[in-house]
Each structure stands twice: as C-alpha cells, then as structure tokens.
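J.: The following comprises the amino acid sequence and a computationally predicted model.
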Amino acid sequence: MSTTLIIIIVTCIISIPAFNNHTRMYAWMFNPYQVVHRKQFYRLITSGFLHADYVHLIFNMLTLYFFGDAVEFYFNQISSYGTILYVAFYLSAIVIADIPTLIKHKDNPNYNALGASGAVSAVVFSSILFNPMSDLCLYGILCLPGFIFGAIYIIYSYYQGKRQAGNINHDAHLFGALYGIVITVAIWPGVIPHFIDQLSTFSIF
C-alpha cells in the first residue's frame, strides 16, 4: 500500500466522524487566535485532516490520489529515505501553507479554516516540476499542460487572496504551491534543468 493511500485513509477516518461532531471539529480546526494566544499549536496539523463536508474531502483526496503516488515515486528515486521525506513534506506543507493566514488573522477569534488543500497544492506543484508537460484538467473539460495550469493557479490564488474572496483560504493554496516548488528543488536541484528540458519540447501546434 502506498504512503499516499495511507494518508488518504487516515484523513477520511478523521474527517468523516467529525462531520457530525462539532465539538471535535471546533477543537481541531485551524483558528489562528487559538494557536497564537492559547498556544494550541496542534491545530496547525489537525486542521489538515479535517474537511467541511464530503465534497471538500473527496475533491482533496482525489487530487492527492492522482498526484501523490507520482511524487512519492520520484522522492523514492531521489533518496533511499524517500518515503520519510514524502511524509515530512506533506505534514510540513499543512503547517507552512497556513503560516501567512496565521499571521494575518492571529487577533481574529472568529476566523476558522480546515482542510488539506495547502498540502495537496504542495504535492500538485511538486508533480508539475517533475512532469510539467502532463495535462491537468479542470472538471474533466479544459486540459492544459501542467506548467501553464500551475502559472494560472498561482496568479489566481494570489489575486483572490488579496481580495479575500469567498470562504476559501486562497493564501493556503498559494503558499502550499510555492512550498511544494521550493522543497522539491531543495531535495533535488536537478529538477530545475529537468523542468527546463521538458519545457523545450512544448509546442502550441
């Protein structure tokens, strides 16, 4: 069984019972005020294993399933400690993706967030570095090469985060994506020339 599948199973085991357990949901979700002022640092991790509903959970876990195995494979090719690196990468991405939100809302007791989106974004962008020419599809209709999709995603997340649009933590998406890029390069600097070589094969026609 792959490490990615284990992460998905653990996330589902934690998320699903919490849908109807509001006490647990509130105790474990990301609340910057509680983290900073009451030192409840565990929320930085536990919030990444909670989701608002089945749609939120399924979307994140399907995305992780499709991209996680590839990233896990590459990490294992790069290092004999690939599995450990992959788990550390995923868990740290949950935390790092929320740091900007933590700073922004540290004095707002009413701000809450949850979900694995930041970590999943990190995995997706790590995958894009390894396979920039692989198509990523939006809702199974519009398919774009990974590097184009990634550029659009980062720009969109940045501007939506500035607008603070909707109930989505766009900052977590953005910084999760950037973290995925930085850590992948740190683990294997050779991914940069690999990425450039892959892009050299791109043609619009």
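T.: Arrived safely, thanks for sending.
J.: Mean pLDDT per helix and strand in this structure: which one sits at the bottom?
T.: Sorting the helices and strands of the chain by mean pLDDT, DSSP states H and E puts strand 135-138 at the bottom, at a mean of 71.
J.: can you pull the contacts of Ile78?
T.: Counting by Cβ atoms under 8 Å, 6 or more residues apart in numbering, Ile78 touches Leu85, Ile187, Trp188. No exception for glycine: its C-beta is placed from N, CA and C like everyone else's.
J.: What of Ile103?
T.: Ile103 is in contact with Pro32, counting by Cβ under 8 Å, 6+ apart.
J.: for the helix or strand containing it, the distance to its chain's centre please.
T.: Using DSSP states H and E, Ile103 sits within helix 82-104. How far helix 82-104 lies from its chain's middle: 8 Å, per Cα atoms, centre = their mean, to the nearest Å.
J.: And for stretch 10-30?
T.: 19 Å.
J.: Would you mind measuring the gap between the ends of that stretch?
T.: End-to-end distance for stretch 10-30: 18 Å, by Cα to Cα, to the nearest Å.
J.: buried residues in that stretch?
T.: Burial within stretch 10-30, assessed by neighbour count using 16 or more other Cβ atoms under 10 Å, is assigned to Thr11, Cys12, Ile14, Ser15, Ala18, Phe19, Met25, Ala27, Trp28, Met29, Phe30.
J.: Return the member of these nearest to Asn76.
T.: Of all the buried residues of stretch 10-30, Asn76 sits closest to Thr11, with 21.3 Å by Cβ to Cβ.
J.: Help me confirm that the closest one is found in a helix?
T.: Yes. Remark: Thr11 belongs to a helix, assigned using DSSP: H, G, I helix; E, B strand; the rest coil.
J.: Of the buried residues of stretch 10-30, which is the nearest to Gly68?
T.: Thr11 (11.4 Å).
J.: can you tell me which residues contact the closest one?
T.: Listed by Cβ under 8 Å, 6+ apart, the contact set of Thr11 reads Phe49, His51, Leu57, Asn60, Met61, Ala116.
J.: ok, now Leu144?
T.: Asp135, Leu136, Cys137, Leu138, Ile152.
J.: For the residues you listed, pick the one with the most neighbours.
T.: The most crowded member of the contacts of Leu144 is Leu136, carrying 22 neighbours; neighbours defined as other Cβ atoms under 10 Å.
J.: How about the contacts made by that residue?
T.: Neighbours of Leu136 in contact, by Cβ under 8 Å, 6+ apart: Val124, Ile128, Cys143, Leu144, Pro145, Gly146, Phe149.
J.: TSV for the residues you listed, including pLDDT?
T.: Output for those, formatted as TSV (pLDDT from 0 to 100):
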residue	pLDDT
Val124	94
Ile128	93
Cys143	76
Leu144	74
Pro145	74
Gly146	75
Phe149	79
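J.: Throw the residues you listed into TSV and include distance to Tyr42 and secondary structure, thanks.
T.: Listed next are these as TSV, based on distance: Cβ to Cβ, whole Å; DSSP: H, G, I helix; E, B strand; the rest coil:
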residue	distance to Tyr42	secondary structure
Val124	26	helix
Ile128	31	helix
Cys143	40	strand
Leu144	38	strand
Pro145	39	strand
Gly146	34	helix
Phe149	34	helix
